[in-house]
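Student: build me a model:
(4 chains)
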Protein chains: 2
Amino acid sequence: MVTRWSIGDLAKASGLTVRTLHHYDEIGLVGASERTTSGHRRYTPDDVRRLYQVRSLRQLGLSLEEVRAALSRSDSLRPIFEAQLAALTAQAQQVEALRSRLTALLDGHTTESLLSTLELMSVYESYFTADQLSELRSRAAALGPEAVEELKASWLELVRQLRRHMADGTPADDPRVVELSRQWDSLAAQFHHDDPEIKAAAARSWEENKASISTQIGWPADDGLVSYLGAARAAR
Amino acid sequence: MVTRWSIGDLAKASGLTVRTLHHYDEIGLVGASERTTSGHRRYTPDDVRRLYQVRSLRQLGLSLEEVRAALSRSDSLRPIFEAQLAALTAQAQQVEALRSRLTALLDGHTTESLLSTLELMSVYESYFTADQLSELRSRAAALGPEAVEELKASWLELVRQLRRHMADGTPADDPRVVELSRQWDSLAAQFHHDDPEIKAAAARSWEENKASISTQIGWPADDGLVSYLGAARAAR
DNA sequence: GCTTGAACCTCACGCGACGGGAGGTCCTAC
DNA sequence: GTAGGACCTCCCGTCGCGTGAGGTTCAAGC
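Tutor: You can find the predicted model right below:
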């Protein structure tokens, strides 16, 4: 007794949809080796076996093209798996970085300050020239995305504490605030490193940010935090 | 002096592409409030500000629709961020699960056994009837994806050890192998839980499984591992 | 004022992995 | 013989743009 499967039965058995099987057929990944005279697909045992192989590889997160490559020469499975593992590791780091940023944002900010904090970060990141930005980007790539995100998270924490002091009316020359300003600069130093040009650009930073970005962009990029920080820096 | 930005300048300043700005305009997310008589976009300071808000929200991994919603009523930022954090957490767990599976596969298997191991898992998962499968799926949903992936990782480890014993010529009634067969059944029990029908299906011996799977599917689902396991089980 | 090359404009197709529906044919059980 | 479910082949939609194609406009240098 020869065993043949209809597309619907195979879909039920495999947990895939009929449309997915159609798609695999369309792109030539898994098809039915036989058809009835009227054109209905009839999957042979070999077809079914291939489908299960495809499904198991897909469950590892491979793309259909990667699955095709893996099955075309099964001795290449190991390098493909290693590449996939590397890709997943990178993805995990990115997701973790986003999570830590979001967590820092949610923990430390009121609903109203959320958006303005984001804006401030976003604008500051755009402050440098295109060349300097690409410099920063390659530096960030060298550090690795997770280190950069840690810096950003620390930055967020600093902003949070400074805002709180401002709201509490702590004077800018209070030692705690002065200490925060020191941390701020030390964080910034990790961004610009030793590059004199970038350092100079960053040194112009906040006062000029306030003056030039506000006029360039046309709205006050500062809700008081920047001048507060400047006062703390002056009190050192 | 009124400040207006051309699309190219704004693209450079923001680090986005002209095409991206076109796209944001097309979908009505961020447009230029003004145009020259000939139709060139002229971005106003308010437009630029909105663009930076969009960019900062996008960097948190929100979709464009989510960004639109977040900006339409900025008091809804916090729930949106919380939802995003939850989504990222779930994603992180899935990625981690895949990573552990891949790591287990790569560590414990030769190039040749990689695919057959995957096949074995894939077929086993599909062995039950459609009803039982949907039962298993809802149970898997209750356990959560990471728990299911842990089970699969443990399973892989078992397969690895069993294959090694097979290759080493360890007799199936060796106490170590018998113990592995016990672990196998206990693992399987976590899949089928207390459902008597599923339990019954799983309780049928692997020899029977082999016969039944092989005829149902139409190719030998076993490369020796299953009968080895059956022999170990018989020796208890 | 004229030229020329860069910047800008509006379509419009493409990607990955299918979902979903339209409109028609076929199979199977009663 | 008939009904209704299963199957067939198009074909459009998703998401966030990339990448042209083909035409117009701007700005700088002569």
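Student: alpha carbons only for contacts and neighbour counts from here, please
Tutor: Noted.
Student: and the next helix or strand past the worst-scoring helix or strand of chain A on mean pLDDT?
Tutor: With mean pLDDT, DSSP states H and E as the measure, the helix or strand of chain A carrying the lowest mean pLDDT is helix A:214-217 (a mean of 41). Sequence order places helix A:225-234 as the next helix or strand after helix A:214-217, per DSSP states H and E.
Student: and that following helix, which residues are buried?
Tutor: Neighbour-count burial for helix A:225-234 flags A:Leu225, A:Val226, A:Tyr228, A:Leu229, A:Ala231, A:Ala232, A:Arg233 (criterion: 16 or more other Cα atoms under 10 Å in any protein chain shown).
Student: just stretch A:48-63 next, same as before
Tutor: Under the neighbour-count criterion of 16+ other Cα under 10 Å, stretch A:48-63 has A:48-57, A:60-62 buried.
Student: out of the residues you listed, which are close to chain B?
Tutor: When Cα under 8 Å from any Cα of the partner chain is applied, the members of those adjacent to chain B are A:Val48, A:Arg49, A:Tyr52, A:Gln53, A:Arg55, A:Ser56, A:Leu57, A:Leu60, A:Gly61.
Student: does the helix or strand harbouring A:Ala90 reach chain B?
Tutor: Assigned by DSSP H and E, A:Ala90 belongs to helix A:77-108. Yes. Applying Cα under 8 Å from any Cα, one finds helix A:77-108 touching chain B at A:77-78, A:81-82, A:85, A:88-89, A:91-92, A:95-96, A:98-99, A:101-103, A:106.
Student: helices or strands up against that helix?
Tutor: Contact here means 3 or more Cα pairs under 8 Å, 6 or more residues apart in numbering or on different chains; DSSP states H and E; on that basis helix A:77-108 packs against helix A:64-72, helix A:145-168, helix B:77-108, helix B:111-125.
Student: A:Arg182: neighbour count?
Tutor: When counting by other Cα atoms under 10 Å in any protein chain shown, one arrives at 16 neighbours for A:Arg182.
Student: from A:Glu150, how far off is it?
Tutor: 18 Å (Cα to Cα, to the nearest Å).
Student: so what's A:Leu225 closest to, chain neighbours aside?
Tutor: If you skip the residues right next to it in sequence, A:Leu225 has A:Arg163 as its closest partner in space, 6.8 Å away by Cα to Cα, 6 or more residues apart in numbering or on different chains.
Student: hang on, isn't that neighbour packed against A:Ser227?
Tutor: No. Applying Cα atoms under 8 Å as the test, A:Arg163 and A:Ser227 come out as separate, 11.9 Å apart.
Student: dump the residue contacts of the residue of chain A found nearest DNA strand C.
Tutor: Across chain A, the shortest distance to DNA strand C (Cα to the nearest atom of the strand) belongs to A:Ser63, at 3.3 Å. For A:Ser63, no residue counts as a contact, taking Cα atoms under 8 Å, 6 or more residues apart in numbering or on different chains as the criterion.
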